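Undergrad: here are the coordinates; sequence isn't available:
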Ligand code: AMP
């Protein structure tokens, strides 16, 4: 089953994707994570993407489309995948459909996390991530056991440089103008399911799980 997780930054897509990946054995593909790792490793793609990401703008379509095509063609995505943060423009959605068509696959479901801007802002501004393993925490909703230290690897927790107030506002604006139209795109395709992104992690998962079947 191939699923797109659609919704604004701070909707909880990444958090749900981690739970869904574990529970249903689907591959979690986050373009944000792939790009951050490219930036950290100083690759050519990372160098090109860095300034867009810092400003909260979208990285050019061609770069992300190629990254995703390469990632989902690997063997570990055969059982299905969860696309988190992709597609973000109509062009990306069209290219995804085309690439999947060539693989005799398709987007089976699009979960649209409808989320209030005030909830997104609170989640993003309180988010802290582990510098070493990338695990996510939240100062209020999901605090680490020890302040500033990752529960899983003892790494230091930091704030993402695009989780600052000015950049958060820009990311939400970019979402509305560039990604918002995808709601209509997938409605037309008949794959869109709306879920309430304002719910907390557990409640939201209970609402989403019915769309998936248990891992064998
Ligand atoms: P995210 O972790 O999904 O919030 O993504 C962080 C940043 O990576 C975004 O603000 C964009 O700059 C970039 N990015 C991630 N996914 C995409 C995409 N599908 N298209 C363009 N830029 C992206």
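TA: Yep, that arrived. Here the structure is a predicted model, which is why all the values come from computation and not from measurement.

Undergrad: Can you list the low-confidence ranges for this structure?
TA: 214-216 (pLDDT under 70).

Undergrad: hmm, try it at 90
TA: 77-79, 134, 212-216 (pLDDT under 90).

Undergrad: would you list every one of the helices in it?
TA: 13-24, 31-40, 44-55, 61-72, 90-102, 117-126, 165-174, 181-189, 201-208 (DSSP state H).

Undergrad: would you list these in JSON lines and tack on distance to the ligand and mean neighbour count?
TA: In short, each C-beta sits where N, CA and C put it, glycine included. Shown next, in JSON lines, are those (distance: least, Cβ to the nearest ligand atom, whole Å; neighbours: other Cβ atoms under 10 Å):
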{"stretch": "helix 13-24", "distance to the ligand": "7", "mean neighbour count": "19"}
{"stretch": "helix 31-40", "distance to the ligand": "2", "mean neighbour count": "18"}
{"stretch": "helix 44-55", "distance to the ligand": "4", "mean neighbour count": "15"}
{"stretch": "helix 61-72", "distance to the ligand": "4", "mean neighbour count": "18"}
{"stretch": "helix 90-102", "distance to the ligand": "6", "mean neighbour count": "16"}
{"stretch": "helix 117-126", "distance to the ligand": "9", "mean neighbour count": "18"}
{"stretch": "helix 165-174", "distance to the ligand": "5", "mean neighbour count": "16"}
{"stretch": "helix 181-189", "distance to the ligand": "11", "mean neighbour count": "15"}
{"stretch": "helix 201-208", "distance to the ligand": "17", "mean neighbour count": "14"}
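
Undergrad: Run through the residues that contact the spatially most central residue of the chain.
TA: Among the residues of the chain, the one closest to the centroid is residue 84, at 3.0 Å (Cα atoms, centre = their mean). Counting by Cβ atoms under 8 Å, 6 or more residues apart in numbering, residue 84 touches 5, 13, 14, 17, 28, 29, 30, 31, 32.

Undergrad: Please repeat the previous calculation with a cut-off of 10 Å.
TA: Counting by Cβ atoms under 10 Å, 6 or more residues apart in numbering, residue 84 makes contact with 3-7, 13-18, 20-21, 28-33.

Undergrad: what do you get for residue 40?
TA: 46, 50, 131, 134.

Undergrad: just residue 178 next, same as before
TA: So residue 178 contacts 57, 58, 87, 88, 89, 90, 91, 92 (Cβ under 10 Å, 6+ apart).
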